[in-house]
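Colleague: how would this look folded up:
(2 chains)
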Amino acid sequence: MYLELEKRLAGHLRGVLLAKYEILLENIPMEIPPDLRFGELATPIAFELAKKLRKAPKVIAAEIVAALGRLEGFASFEPAGAGYINARLDRAAVVGMVAEGTGETLAESGVHALVEHTSINPNKAAHIGHLRNAILGDTFVRLLRAAGQHVAVQNYIDNTGVQVADVVVGFMHLEGKSLADVRLLLDELNSKGERIDYYCWDLYARISQWYEQGDAEENATRKKLRYATLHELEQGGNETSAMAELISTAVLRRHLETMLRLDIEYDFLPRESEILHLNFWSLAFEQLKQTGVLYFETDGKNKGCWVMTRPGADVTDGETNEDAKVIVRSNGTVTYVGKDIAYHLWKFGLLGRDFGYLPFFGYEDRACWISAEKGEANHPHFGGAQAIYNVIDARQSDPQANVIQALRGMGHISEADHYTHFSYEMVALTPRCAVELGYAIAEEDRGRAYIEVSGRKGFGVKADDLIDKLIAATRAEVDARQTGRDDEERQKIAKQIAIGALRYFMLKFTRNSVIAFDFKDALSFEGETGPYIQYAVVRARNIFRKAATDAEAVLAEFAGSDASRYLTDESDQDIWALWLRAGRRSLVLEQCINTSEPAHLAKHAFQLAQEFNNFYHKHHILTEEDAPRKLFLLATAAVALRELVIVLSWLGIESPEAM
RNA sequence: GCGCCCGUAGCUCAGCUGGAUAGAGCGUUUGGCUACGAACCAAAAGGCCGGGAGUUCGAAUCUCUCCGGGCGCACCA
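Modeller: Predicted structure coming up:
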């Protein structure tokens, strides 16, 4: 409703301004006033015009108001304050629009977007930082789809990196295991219901320490071993790479299982091993050379390398650019950014080569595919996106900027413009939380607001541990309340609430605020939390259950009735506010997409729930004796319920039947 | 040294393209379960929006500067 009326008023204003002042404005600023006393929609446009027209904003506002006439959906316009133009909406019309959901469904946009998120190195268990990444990414996918875009979801797997080599070194040299031994270990863990990613978490921490434990000579040997292993791994076709493949695939499966607990699914898992073995780089290298983005350095510290100019760098002609980014080392090998450029050319369909594809992981109604050197003949199509979103933490903004710079330099301007580094800040632990987990923390860290997690040190909160803990906590609550339900039902409810709490927790912070993680906050189910919103849904559902009807039936019966008489009293303004809030869904969605910020939607859901709870408390529906008013109150609950359920689903949060 | 991010109530955070009296949650104090479920609602206290300057009719928001905190700036991956 809001989005629709906002556009309608902006269009109308544009016409009026053109006719009256011969001014054509592309953008008419619109805002929702801070208080209903100022109406429901306002524009400060007169302030902007004041200079141009050399008149007081107040005068302009009055003139515009006089020229506005009547507009469908609006009751009146008035100049206010120092020059605002306030609009009062036609309450009956608004109620009708919100009840029907007019203007809330966005049309198919035809845009093919690609969102990449999660991308956990397959050498250890997922931790809370990865949860933030995946939840942000998955929620954004839901938002893009709600906005009518076609979205493919990718989870990039760096299976040939040094992190994987490290656990391989751990298995081979710390534990003396062969490929067959590792296979046995996997079976054994599997039969005991234990997690390989947890096993690797510890092993990775041990091996990282091991590299630094010995004397200088020993450590040098160990580092050599590390890079020899990495080299074998990149080469492929040997026992080392087979072990890496075995481990990384097993850990990857665990990550997919962990994310599935949060309702997060992927379409395609491109792996670094295929980018390597299918020689994506050689094609990219040719293009980079041809377009002059890369040049061969003949002097200075980067002598013998192929380098590119960094974004924003100030290059003086003829001088050696010491600050250039090395893409191909003097020994001929390509850096990470180089491979990433090749990969991103593929994402936009500009590389001229494709992955092979194999089905890898089964979801309820479809499969998740993985890259392969030789894939199946029949496979879905990936890559070739018009817009891409890379959900990667803020620490990686430099390399991301390099890739964008390369695309731009190659002349792929539109692609560079539609490349979004969906950046977010890390999840760190509060010192108190670290102590609670039994970690010894350094004296200097004690006074800090937060301490960064580190996989290398094995320092952090594992995703599955947190989820388990949340479910245990919600289960205890459900057990206390739902005595009439059986075990299976209770567990289902407990899970829904736990996941709701977790997803909301990760989404309520805006992207560039560091989350200082604390169990006390994360395990809270009161106040601004997922369960608070879910509880509002349950309350609304109970009304319809008790009334032996449902929201759709109520809205069908309500359709066409004039509700404006229930919205005029001072005491009914909170109901009016609730209807208005219920009509903001698409407006908030648009805002979230424009700013790549799902937190706005989380806030919207909470405010809606808050206003509903207030309404619920103040107006007792089922005992209402005036039948038309009762129907109106039921319709109010119905739109609130409908909106809450939809918005929660966009946040990836289920709406329980009871809790 | 260069770049990016952050600094708003005791704590954790919102505050959309600059707009009307700066808002939530938690915590504290107080009141409300014989009415649709109290994982709830209501009320109170709590703020020089880090400091300063500037732009503007108007600044928490934009610019500059200083202070405090974080993260990046490899031929590592």
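Colleague: and stretch A:371-381, how far apart are its ends?
Modeller: 12 Å (C-alpha to C-alpha, to the nearest Å).
Colleague: and it, what's its mean pLDDT?
Modeller: Taken as a whole, stretch A:371-381 has a mean pLDDT of 94.
Colleague: how far out from the middle of the chain is it?
Modeller: Chain-centre distance of stretch A:371-381: 28 Å, with C-alpha atoms, centre = their mean, to the nearest Å.
Colleague: what's it in contact with?
Modeller: By C-beta atoms under 8 Å, 6 or more residues apart in numbering, the residues outside stretch A:371-381 that reach it are A:267-271, A:273-275, A:277-278, A:355-359, A:369. From N, CA and C alone the C-beta is placed, and that goes for glycine too.
Colleague: okay, buried residues for it please.
Modeller: When burial is assessed from 16 or more other C-beta atoms under 10 Å, stretch A:371-381 yields the following buried residues: A:371-372, A:375, A:379.
Colleague: with distance to RNA strand B and secondary structure added, can I get those residues in JSON lines?
Modeller: Listed next are the buried residues of stretch A:371-381 as JSON lines, based on distance: C-beta to the nearest atom of the strand, whole Å; DSSP: H, G, I helix; E, B strand; the rest coil:
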{"residue": "A:371", "distance to RNA strand B": "17", "secondary structure": "strand"}
{"residue": "A:372", "distance to RNA strand B": "20", "secondary structure": "strand"}
{"residue": "A:375", "distance to RNA strand B": "24", "secondary structure": "coil"}
{"residue": "A:379", "distance to RNA strand B": "28", "secondary structure": "coil"}
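Colleague: next, give me the two most distant ones among those.
Modeller: For the buried residues of stretch A:371-381, the maximum inter-member distance is 10.5 Å, found between A:371 and A:379 (C-beta to C-beta).
Colleague: count the neighbours of whichever residue of chain A sits closest to RNA strand B for me.
Modeller: Here chain A gets closest to RNA strand B at one residue, residue A:527, 2.1 Å apart by C-beta to the nearest atom of the strand. Applying other C-beta atoms under 10 Å, we find 9 residues neighbouring residue A:527.
Colleague: wait, is it part of a helix?
Modeller: No - going by DSSP: H, G, I helix; E, B strand; the rest coil, the assignment for residue A:527 is coil, not a helix.
Colleague: got the phi/psi numbers for it?
Modeller: Here is the backbone geometry of residue A:527 (degrees, to the nearest 10): phi 70, psi -140.
Colleague: of the contacts of stretch A:371-381, buried ones?
Modeller: With neighbours counted by 16+ other C-beta under 10 Å, the contacts of stretch A:371-381 contain buried members at A:267-271, A:273-275, A:277-278, A:355-358, A:369.
Colleague: so which pair among those residues is furthest apart in space?
Modeller: Farthest pair in those, by C-beta to C-beta: A:267 and A:277, 21.8 Å.
Colleague: contacting residues for residue A:644?
Modeller: Taking C-beta under 8 Å, 6+ apart as the contact definition, residue A:644 lies against A:533, A:536-537, A:540, A:605, A:608-609, A:612, A:655.
Colleague: roughly how far does residue A:498 sit from residue A:560?
Modeller: Counting by C-beta to C-beta, to the nearest Å, the gap between residue A:498 and residue A:560 amounts to 42 Å.
Colleague: go on, residue A:482?
Modeller: Distance, residue A:482 to residue A:560, by C-beta to C-beta: 39 Å.
Colleague: comparing those two, which residue is more hemmed in?
Modeller: Neighbour count, other C-beta under 10 Å: between residue A:482 and residue A:560, residue A:482 has more, with 15 against 8.
Colleague: my read: that one touches residue A:489, true?
Modeller: Yes - with contacts counted by C-beta atoms under 8 Å, residue A:482 reaches residue A:489, the gap being 7.3 Å.
Colleague: dump the residue contacts of residue A:296.
Modeller: Per C-beta under 8 Å, 6+ apart, neighbours of residue A:296: A:305-306.
Colleague: show me what it is bridged to.
Modeller: Beta-bridge pairing of residue A:296 under DSSP bridges involves residue A:306.
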